[in-house]
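# below: sequence and its predicted model.
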Amino acid sequence: MDKNSVYLQKKSLMNGYKKIPYGQSNFEKIRTENYIYVDKTRFIEQIENEMNSYHFLIRPRKFGKSLFLSTLRNYYDICKADKYDVLFGDLYIGKNPTPKRNSLFVIKFSFSGLNTCTVDEFKASFYSAIRGSIQFFLTEHAAIIDNYAELKKEAWKIDNIRGQIEFAFDIISTYKSKAYIIIDEYDHFANDLIAQGTNLSVDQYKQLIWANGVVRDFYETLKDNTETVVDTIFITGITPMMLDDVTSGFNISNNLSTDLRYHEILGFTEEEVEFLIDECGVDRTKLTVDRKFLYNGYKFHENAANKLYNSAMILYFLNQVNITEGEVKYLIDDNLKTDYGRIKNLLGKPESIEKIEEIVEHEQIPSEIVTRFSIDRLHDSENFLSLLYYMGLLTIDKDPETKVPVLRIPNYSTKTMYWEYIRNILKTINPQLSHNEINYYASLKELAIYGNPEEFIKFIQKFYVSILSNRDYRQFDEKYVKAIILTLLFQGNFYLPVSEYETSGGYCDIYLQRRNLNPHVNNDWVWEIKYIKEADANKKTLIENAKTEALTQLQRYKSSNLFKDRTDVKYLAVVFIGKKGYWIEEIKN
């Protein structure tokens, strides 16, 4: 962080504002070090009042799961009782305490970062994670547990999962208390195994989770102790992939994930974002981009009243506004981008690619959410689409005309991930697909600063269309050209490119909204894109029709209520013709 950014943060704090908790998931740190906290503690009361005490919650990455688990730990753990007033006094749960507050021994297990290379390495890694969790549990409760140092040494010597867990349970029982079990990222290692996309990984999964696998043993141990020492279990993850596979080992029956009452348990509503802006002293005059358009739009129940922001997305944005005085260069946090390398085998099947293509073209797809699916049925159509939903790449909605349930892309930030994915598909088909960075930025500068689009169109034709149009990828058409253009324009940081932008004259292919980072960019653009395949490159009538259609559409957009009185917008018709040809024409104001 540069000196100016540090100064701006200190200036904000001196004015009585709180710090933005971007990247923070430690509840105690947030509450004691002047970070703003969006109060979600009403859900603690709600969960405790459930008839069932074994809870399961899945949400996409970076939605605030770890912070909520930290909140639960601080609220229920007996070793945190002396900090209750400081941590919770002014929150909902502090004013409405429940019977179990700070009365249980919390044990947290986390299954991220396990070694999934081989079955034996995974078993060793899984056991090590269990032992580490028990050791941490003993250390955290050192002030309560007699002879804890000796007990830690004794626990370290135990060489099996059941023995480790029941050792901790025996200690808890001696204090006439019970255990609150937290399991974070329950499915992380399973997702790693499946993403390898090999028969070996599938076999590994079955050995570890089915039959007498170590994972099954872990859940069976918890289940066997629910009649005695285990009071509550709270499990989080990203997908329900393992639910069926661990059901017989541990019966998880209270799935909060699809319960309308828990729709807002994670993520932020618009009202909560307004609260964040006020409490953190974000200068509203610097909020020059549409945050709803960029980051909002998630729904986890089709009847939910409010759409949600991904917590990390909006905190990243507000933090950048604060430390840069509004000049946010990178609108999307790279840490939130889907790891394509990790899921490429899941998404690389032909039937999956077809679904991705349909989503990119229509930005929504009819489908119901599948609440459970197993490894053997991952690539079934509904299961695959549900997987995209659980990963945060789609969200629940209803078609406004038919009212049929659909899954749609939630926001602009997520849409850019699809553009990148399409580019990755095309690069896989043709490894030669690349471009010269000097030519790329020179052509973008011509477009943005000097209002000359031809160099950029020529660049697209030379480095992308000419390579792909005659390949075996026969479905290559204008939606792929658009995806390439959109991705390259977004990376350039001159514009905020929008596909299928709605006007009263229809949906324009691409709308380039200039960003405020460069005052020398004087115009927005409206583009209409057509693509003629190489096989049709000599059909003059077809080409002329495409030109006429593009110009006619541009005239409609230009006359629409959105653009008719604007003098700062330029209009461009583009027709790519086979491998080497293109035609462009700008409609003058």
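That came in fine, so what should we check first?
# show me what contacts the closest residue to Ile584 other than its chain neighbours?
Nearest in space to Ile584, with sequence neighbours left out and distances taken as CB to CB, 6 or more residues apart in numbering, is Val574 at 5.1 Å. C-beta coordinates here come from the backbone N, C-alpha and C atoms, glycine included. With contact taken as CB atoms under 8 Å, 6 or more residues apart in numbering, Val574 is in contact with 453, 457, 527-530, 550, 582-584.
# what's the domain layout of the chain?
Per automatic domain parsing, the structural domains of the chain span 1-28+268-327, 39-262, 337-429, 442-589.
# Asn436 is nearest to which of those?
Shortest separation from Asn436 across the domains of the chain is recorded for domain 442-589, at 7.2 Å, computed as CB to CB.
# that closest one spans what distance, first to last residue?
26 Å (CA to CA, to the nearest Å).
# same deal with stretch 30-37?
Taking CA to CA, the first and last residues of stretch 30-37 lie 7 Å apart.
# in the stretch 1-150 of the chain, where is pLDDT below threshold?
By pLDDT under 70, the weakly predicted segments of the stretch 1-150 of the chain are 1-15.
# just the helices in it please.
Counting by DSSP state H, counting those that start in this stretch, the segments of the stretch 1-150 of the chain that form helices are 3-14, 27-32, 42-48, 65-76, 84-88, 92-95, 119-140, 148-156.
# how long is stretch 145-164 from one end to the other?
For stretch 145-164, by CA to CA, the gap between its terminal residues amounts to 16 Å.
# so what are the sheet partners of the strand or helix carrying the residue nearest to Ile584 and their directions?
With the criterion set as DSSP states H and E, the secondary-structure element containing Val574 is strand 569-577. For strand 569-577, sheet partners with direction are given as strand 524-532 (parallel), strand 581-587 (antiparallel), following DSSP bridges.
# quick check: which of those strands is buried the most?
Between the strands paired with strand 569-577, strand 524-532 has the highest mean count of neighbours, a mean of 22, where neighbours are mean count of other CB atoms under 10 Å.
# dump that strand to PDB, keeping only the CA atoms.
Extracted in PDB, the C-alpha atoms of strand 524-532 (Å, rounded to 0.1, in the frame of the first residue of the first chain):
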ATOM      1  CA  ASP A 524     -19.000   6.000 -25.200                       C
ATOM      2  CA  TRP A 525     -19.600   3.500 -28.000                       C
ATOM      3  CA  VAL A 526     -22.500   1.400 -29.200                       C
ATOM      4  CA  TRP A 527     -21.300  -1.600 -31.400                       C
ATOM      5  CA  GLU A 528     -23.300  -4.000 -33.500                       C
ATOM      6  CA  ILE A 529     -21.300  -7.100 -34.400                       C
ATOM      7  CA  LYS A 530     -21.900  -9.600 -37.200                       C
ATOM      8  CA  TYR A 531     -19.800 -12.600 -38.200                       C
ATOM      9  CA  ILE A 532     -19.700 -14.300 -41.600                       C
END
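# mean confidence for that strand?
Mean pLDDT, strand 524-532: 94.
# one more: stretch 161-175?
Looking at stretch 161-175 alone, the average pLDDT works out to 96.
# could you tell me which residues within that stretch count as buried?
Buried residues in stretch 161-175, counted by 16 or more other CB atoms under 10 Å: 161, 164-169, 171-173.
# quick one: which of these sit in strands?
Counting by DSSP state E, no part of the buried residues of stretch 161-175 is found in strands.
# mind putting those residues in a markdown table, distance to Ile510 included?
Conversion of the buried residues of stretch 161-175 to a markdown table gives the following (distance: CB to CB, whole Å):
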| residue | distance to Ile510 |
| --- | --- |
| Ile161 | 55 |
| Gln164 | 57 |
| Ile165 | 56 |
| Glu166 | 61 |
| Phe167 | 62 |
| Ala168 | 58 |
| Phe169 | 60 |
| Ile171 | 63 |
| Ile172 | 61 |
| Ser173 | 65 |
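# between those, which is closest to Asp90?
Using CB to CB, Ile172 is the member of the buried residues of stretch 161-175 that sits closest to Asp90, with 30.8 Å.
# quick check: phi and psi at Glu361.
Dihedral angles of Glu361 (phi, psi; degrees, to the nearest 10) stand at phi -70, psi -40.
# and it, what does it touch?
Lys479.
# from Asp399, how far out is it?
Between Glu361 and Asp399 the distance, using CB to CB, to the nearest Å, works out to 16 Å.
# what sits against the nearest residue to Leu407 once chain neighbours are set aside?
Nearest residue to Leu407, sequence neighbours excluded (CB to CB, 6+ apart): Leu394, at 4.0 Å. The contact partners of Leu394, by CB under 8 Å, 6+ apart, come to 359, 365, 385, 388, 407-410.
# among those residues, which ones are in strands?
Those of the contacts of Leu394 mapping onto strands are 365, 407-408, per DSSP E.
# now Ile314: which helix or strand?
Taking DSSP H and E as the definition, one finds Ile314 inside helix 311-324.
# just want the angle from that helix to helix 65-76.
Using axes from the mean of the first three to the mean of the last three CA atoms, to 10 degrees, the interaxial angle of helix 311-324 with respect to helix 65-76 works out to 100 degrees.
# can you name every helix or strand that helix 311-324 contacts?
Packing contacts for helix 311-324, counted by 3 or more CB pairs under 8 Å, 6 or more residues apart in numbering; DSSP states H and E, involve helix 3-14, helix 270-279, helix 291-295.
# check contacts around Gln24.
Residues in contact with Gln24 (CB under 8 Å, 6+ apart) are 30, 35, 67.
# tell me the spacing between it and Leu67.
According to CB to CB, Gln24 and Leu67 sit 7 Å apart.
# between those two, which contacts overlap?
When CB under 8 Å, 6+ apart defines a contact, the residues bordering Gln24 and Leu67 alike are Ile30.
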